[in-house]
Structures are given as structure tokens and as C-alpha cells.
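Student: Test case, fold it:
(one chain, ligands or ions: 1)
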Amino acid sequence: MYLLRKYRARYGKGFIVSIMFLMLEALCDLLQPAMLAKIIDQGVVSGDLNVVYRIGAIMLLITAIGAGAAATRNLISSRVSQQFGAQLRGDLYRKIQSLSFSAIDKLDRASLITRLTNDVTQIQNFVNGLMRIFVKAPLLGIGAVIMAVRLNPPLSVILLAVVPIVAFLIVMNLRIGFPRFARVQQSLDRLNGYTRDFLSGIRVVKAFNRYEDEAKKFEVANEAYRSANEGAMKAMAIFNPLIALTVNIGIIVILWIGGVRIDGGHMQAGHVVAFINYMLQILFSLMTITMVFNMFVRAKSSTTRIVSVFQQDERPSGSAMSNDKAAGAARDGYCIQFDNVSFSYDGVAGEKVLHHLSFHCKQGETIGIIGSTGSGKSTLVSLIPRFYDATGGTVSVLGHNVALLDPTSLRSRIAIVPQQAVLFTGSVKDNIRWGNEEATEEQIIEAARIASADDFIRALPNGYDSLVGQGGVNFSGGQKQRLSIARALVRKPEILILDDSTSALDVLTEARIKGALKALGGQITTLLIAQRITSVMDADRILVMDNGQLVAVGDHGQLMRECEVYREIYRSQYGKEADQHAAAAQSI
Ligand SMILES: Nc1ncnc2c1ncn2[C@@H]1O[C@H](COP(=O)(O)OP(=O)(O)OP(=O)(O)O)[C@@H](O)[C@H]1O
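Tutor: Numbers count the residues shown, from 1 in each chain. Presented below is the predicted three-dimensional model:
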């Protein structure tokens with residue numbers, strides 16, 4: 001119903017025109033057996049060739065009209081269903097892009113791919129089926145019953161026995177088929193999930209020689225998919241022949257009774273032929289209805305899956321951020337401020353990942369964030385661009401409470417370089433420009449220079465026009481990170497978040513990038529998450545995270561004197577010398 005309402009206005013007209021041609025086609029089909037009866041009874045049996053020619057010509061004309069209607073209907077239905085499918089796929093894609101991060105976390109990525117491809121195709125096929133055969137089948141079925149009753153009321157009693165049995169078989173088929181087709185979709189999701197995991201981790205699989213295990217996992221999923229499909233097909237394989245058998249028994253009974261009645265002079269041979277034709281039309285329509293109901297069952301489970309995406313929460317909304325860059329910061333002097341912030345991925349009642357954090361930083365400062373793995377560093381920075389909303393306390397950017405800001409407007413001020421560098425297929429230049437479509441050639445080169453990427457890009461055979469393979473396969477981890485940093489810088493952000501995105505760089509290159517950022521003279525406020533203590537040592541201030549708590553804030557010297565967690569991290573990375581360094585720091 002949801003999809004029907006959404007697309008009725010746009011495709012309703014084409015759908016109705018197609019159905020009208022379909023009705024014309026069904027009418028032509030229905031007239032044929034009655035005319036055939038006339039040819040046999042009035043022409044062939046009485047040897048009147050004129051009747052044969054006259055009615056034969058009319059039959060030809062009706063056939064031509066039917067064929068013309070079928071061709072037109074085919075053209076319209078194909079166009080309407082293709083356009084509908086393309087729009088549904090596009091709308092779903094846009095919806096997925098607009099989903100909030102929590103909604104994306106809830107939906108399995110592999111299942112999103114199946115929804116965008118297979119599920120949309122199922123619905124598109126069903127819509128096409130509706131316009132091609134579905135409406136024709138009941139029309140033809142009901143029309144054939146009416147024509148048969150008009151032709152010979154006593155013989156049509158046989159229909160009274162056949163039709164209810166077949167209707168019962170169809171209902172049973174649907175009841176058994178629906179859960180089976182739903183299982184087919186679920187197993188396809190799992191198969192897609194394994195395929196995606198395997199392909200994205202193919203290097204690791206090869207490095208660990210895990211082909212066999214991965215192949216086995218795939219086989220299990222593949223086998224489950226096969227068995228689910230087989231189960232669904234079995235239901236069809238049993239019921240369709242049962243329906244055909246019932247109708248064929250009906251035909252035999254007609255032939256038998258018809259023969260007796262012709263012998264007794266109560267019926268003409270042409271009527272029996274026409275009656276059998278109508279019976280075959282009824283069989284065709286019932287078989288078609290079963291087939292389309294099966295399509296309906298698949299389309300219904302696909303529709304449920306697609307509608308559940310459409311009903312997910314979208315990105316939160318809010319008011320646009322003032323364009324006056326200084327205005328916000330001037331109000332309280334802080335670029336970023338966390339005030340008693342708590343957060344849980346499962347809403348207010350869920351287990352907290354961040355506990356009552358409070359800190360602030362001024363415009364142009366560099367803030368290092370360090371802490372053990374899983375301590376909440378990435379979660380903390382993801383609250384700044386409103387990827388998630390804090391479940392307690394307030395996060396402010398340039399003096400504005402982010403919970404009241406429009407995320408697009410807020411994110412236009414922020415650039416984030418994620419842990420996993422993501423590159424797209426295209427040229428190096430395109431990849432950097434992706435951060436800011438309006439960036440000039442000079443700005444791209446400048447961003448690459450600050451990110452220490454300019455040298456290696458120029459050394460490539462085609463420089464900035466060199467091609468990046470899918471997922472950046474032809475670049476090293478450090479090169480990918482530098483290109484990602486350049487992409488972030490070309491946005492000219494006020495806030496730059498580097499989420500462990502210098503981990504693949506050697507210390508020297510990392511120092512060069514930090515030096516170049518510093519040389520920008522405080523235009524950018526930088527939050528730098530790092531595992532290596534050397535990465536954050538020279539930051540203006542360092543936040544030390546432990547188990548979702550902010551245990552200390554200070555510069556390196558201060559933390560070495562006052563923070564045991566920080567000293568512990570230092571010790572773990574510097575070994576024995578660390579204690580001497582710590583002692584020296586404490587004496588400062
Ligand atoms: N999308 C998510 N849904 C649910 N829990 C999550 C999600 N992302 C992270 N977590 C959980 O939140 C906690 C903090 O994770 P986070 O990624 O912020 O830590 P981190 O300090 O950045 O770790 P690392 O240094 O390993 O990247 C972890 O317990 C993690 O399992």
C-alpha cells in the first residue's frame with residue numbers, strides 16, 4: 001500500500017492504458033471459440049463454404065486486433081515497469097544515503113544490496129506481470145465461464161465442480177509458498193554477506209591461506225540458498241500439475257458427456273469444441289493466476305523489506321549554521337565544547353560508551369586524543385559532526401549546540417579522515433576534488449602538498465591524472481591515508497578530525513604533515529586520534545580516554561607528571577627508557 005500510494009500518481013495512467021489494451025486482447029481471445037463453434041456447426045457440418053469464409057475472415061480480423069492490442073500493451077507495460085523499477089531503485093538509494101548512522105548500523109549492508117537489486121527487480125517483475133497477464137487471467141477466466149454457460153448451461157455444471165477444487169489448490173499453494181519465498185530472500189542476503197566479506201577481505205584470506213574455510217562458508221550459504229529455492233519450487237512443482245490434472249479430468253468429462261449428448265441429438269459438435277476451448281482458457285487463466293500469485297508472494301516479501309528501509313529514521317534535522325565563521329566562536333571563545341556528555345549506541349537506556357565528558361578547545365588548537373582500543377575515541381569525535389546525537393549533556397561547535405544544527409550545514413565546516421582510508425575509482429585528482437567539487441587545480445595541489453602527498457603523486461606515471469583502482473588497490477596504506485587527508489584539507493575545513501589516519505605513515509612523514517598544518521597559522525582546529533604517543537606529544541592539549549571516561553586533559557609534560565594512564569601508555573611504547581623520561585618530566 002505504501003509503495004502504491006507513492007507511485008500511483010506517476011505510473012497510474014500508463015498502468016490503466018495498458019490494462020485497457022489487455023481487456024481488448026482478452027475480449028478477442030474470448031470471441032474465438034464461439035466463432036469456431038459457428039464455423040463447425042453452420043459451415044463445416046452443413047458444408048456451407050460461404051459461412052466458413054465469412055466467419056473465418058471475421059476471426060482473422062479479431063485475431064489481428066488482438067495481436068495489435070497485445071503488442072501495444074507489451075510496449076506500454078515494459079516502459080512503465082522499467083521506469084517504475086528505475087525510480088524505486090533511485091529513491092531507495094537516496095533514502096539509504098539519507099539514513100541516520102544508527103539506522104545504517106541496524107541494517108545489514110549485504111541485505112541493503114539485495115534490497116536495491118533483487119528486491120526491486122521482484123517488484124518490477126510483478127508490476128510488469130500485472131499489466132501483461134495478471135488482469136488478463138481473471139478476465140479470461142470469468143469471461144470463459146460466462147461464455148461457456150451461455151453456450152451450453154447443462155454442460156457448464158462440470159465447471160461448478162472443477163473451479164472450487166482448483167481455487168482450493170491455489171489457496172493451499174499460496175499458504176505454503178509465502179514462507180518459502182521469504183526464506184529464499186533471507187538466504188540470498190546471507191550469500192551476499194559472505195561474498196561481500198570475502199571479496200573485501202580477499203588479501204587477508206590469501207595471506208592467511210584461509211581459502212578452504214572461506215570456500216566452505218560460501219558453500220554452506222550457497223547450499224542454504226539452493227535448498228530454500230528448491231523448497232519454494234517444490235511447492236510450485238506439486239500444485240501446478242495438480243491444477244492441470246483437475247482441469248484435464250474436467251475436459252475428459254466434457255468430451256464424454258458431450259459425445260453422449262451429440263449421439264442423442266441434444267448438442268452440436270462445434271459446441272463441444274468451443275466448450276473445450278473455454279475450458280482450456282479457464283485452465284490457462286488459473287495457471288496464470290497461480291504463477292502471478294507466486295510472483296506476488298515474492299514481491300510481497302520484497303516490498304516488506306523495501307518499505308522497512310523507507311520507514312527508517314532519516315538524518316536528524318536542525319537549523320542552518322550561521323555563515324559568519326567568527327560569530328559562533330566569539331560568543332564563548334570555544335571552537336568545540338563538550339559539556340557533561342554521555343553516549344550510548346542503544347539510546348538513552350542503553351549501555352554507556354561515553355561517560356560525562358567535559359572539555360573544550362579553542363579555534364586553531366591541536367587536540368590529541370589517546371587511549372586504549374575501544375576506549376571511545378572514535379565515538380567521541382563522531383558526536384562533533386552529529387553522526388550520532390549525545391544521549392546526555394551538550395556538544396557545541398563554534399558556540400552552537402550541535403543537536404539543534406542541520407547536519408549538512410554543520411558538516412560543511414568539518415572534515416573527517418576516517419580510520420579506514422576510502423578511495424574511489426577515478427583519477428587521483430578526482431579523489432581529492434571529491435572533498436570539494438569547486439576546488440581549483442592549485443587548491444588540489446596545495447592540499448596534497450600539506451598532506452605530504454604531492455611528491456609521490458608527481459612521481460606517478462600520469463601524476464594527478466593517474467587512475468585509482470577500485471578501493472585504491474594500487475596505492476599503499478600510507479599513500480591512501482595521505483590522499484584521504486588531502487581530500488579533507490581541500491574542503492578548507494574549520495575543524496579537521498584525523499581518526500587514527502596517520503597510523504600507516506612513518507614518523508617523519510607524519511611530522512611533516514603536522515608541521516604543514518601548524519604553518520596554516522591556526523586556521524584549522526585539529527582533533528588527532530592516535531595510537532602512537534609520538535603522534536600527539538606535541539599537541540596543544542591531549543585528552544586521555546579510558547573505558548569511556550576522560551581521565552585527564554593536559555599537555556605532554558603535565559600528563560607525564562599527573563596521569564598514570566598516560567604514563568602507562570608511554571611506558572608500553574618506550575619500554576625501560578620511559579621511566580627515566582617520566583622521572584625527568586616530573587622534575588620539570
Ligand atoms: N556502531 C556501533 N554500534 C555499537 N557499538 C559500537 C559502535 N561503534 C563502536 N561501538 C562500541 O563503542 C565502544 C567504543 O568504540 P570506539 O570505536 O569509539 O573506540 P576507540 O577508542 O576509537 O577504539 P579504536 O582505538 O580501537 O578505534 C566499543 O566498545 C565499541 O564496541
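Student: List the residues that contact the residue of the stretch 1-150 of the chain found nearest the ligand.
Tutor: Closest residue of the stretch 1-150 of the chain to the ligand, C-beta to the nearest ligand atom: residue 105 (4.6 Å). (C-beta placed from N, C-alpha, C; glycine too.) Counting by C-beta atoms under 8 Å, 6 or more residues apart in numbering, residue 105 touches residue 345.
Student: ok, which stretches of the stretch 351-500 of the chain are strands?
Tutor: With DSSP state E, counting those that start in this stretch as the criterion, the stretch 351-500 of the chain has strands at 354-362, 366-371, 392-397, 400-401, 414-417, 426-427, 467-468, 495-499.
Student: Show me the strands paired with the fifth one, marking each as parallel or antiparallel.
Tutor: When you say that, I think you mean strand 414-417. strand 495-499 (parallel) (DSSP bridges).
Student: Compute the inter-axis angle for the partner strand and strand 366-371.
Tutor: Here the directions of strand 495-499 and strand 366-371 differ by 30 degrees (axes from the mean of the first three to the mean of the last three C-alpha atoms, to 10 degrees).
Student: that older thread, got phi/psi on the residue of the stretch 1-150 of the chain closest to the ligand?
Tutor: With angles defined as degrees, to the nearest 10, residue 105 sits at phi -60, psi -40.
Student: Can you pull up the most central residue in the protein?
Tutor: Nearest to the mean C-alpha position of the chain, by C-alpha atoms, centre = their mean, lies residue 112 at 3.2 Å.
Student: Verify the contact between that one and residue 96 for me.
Tutor: Yes. In this structure, residue 112 is within contact of residue 96 by C-beta atoms under 8 Å, at 6.0 Å.
Student: C-terminal to the longest helix along the chain, what's the next element?
Tutor: The longest helix of the chain (DSSP state H) is helix 211-263. Sequence-wise, the next helix or strand downstream of helix 211-263 (DSSP states H and E) is helix 269-310.
Student: for that following helix, what is the average pLDDT?
Tutor: Average pLDDT, helix 269-310: 82.
Student: what helices or strands is it leaning on?
Tutor: helix 2-38, helix 49-98, helix 109-114, helix 120-129, helix 136-151, helix 157-200, helix 211-263 (3 or more C-beta pairs under 8 Å, 6 or more residues apart in numbering; DSSP states H and E).
Student: so residue 418 touches residue 488, yeah?
Tutor: No. Counting by C-beta under 8 Å, residue 418 does not reach residue 488; the two are 9.7 Å apart.
Student: Neighbour count for the two, which is higher?
Tutor: Ranked by neighbour count (other C-beta atoms under 10 Å), residue 418 and residue 488 place residue 488 first, with 25 against 16.
Student: Could you report the pLDDT at that one?
Tutor: On pLDDT, residue 488 comes in at 92.
Student: next one: residue 442
Tutor: Value for residue 442, per-residue pLDDT: 91.
Student: How about the one 3 residues further on?
Tutor: Reading off the per-residue confidence, residue 445 sits at a pLDDT of 93.
Student: do the same with the one 5 residues further on
Tutor: At residue 450, the pLDDT value in this model is 91.
Student: and it, what does it touch?
Tutor: Contact partners of residue 450, counting by C-beta under 8 Å, 6+ apart, are 485-486, 489, 513, 516-517, 520.
Student: Most neighbours out of those residues, which is it?
Tutor: residue 489 (30 neighbours).
Student: Can you tell me the closest non-neighbouring residue to it?
Tutor: Closest residue to residue 489 apart from its sequence neighbours, by C-beta to C-beta, 6 or more residues apart in numbering: residue 447 at 4.1 Å.
Student: can you count the residues close to the one you found?
Tutor: Counted by other C-beta under 10 Å, the residues lying close to residue 447 total 25.
Student: Assess the claim that it and residue 490 are in contact.
Tutor: Yes. Counting by C-beta under 8 Å, residue 490 is a contact partner of residue 447 at 4.0 Å.
Student: can you list residues touching both of those two?
Tutor: With C-beta under 8 Å, 6+ apart as the test, residue 447 and residue 490 both reach 432, 435, 439.
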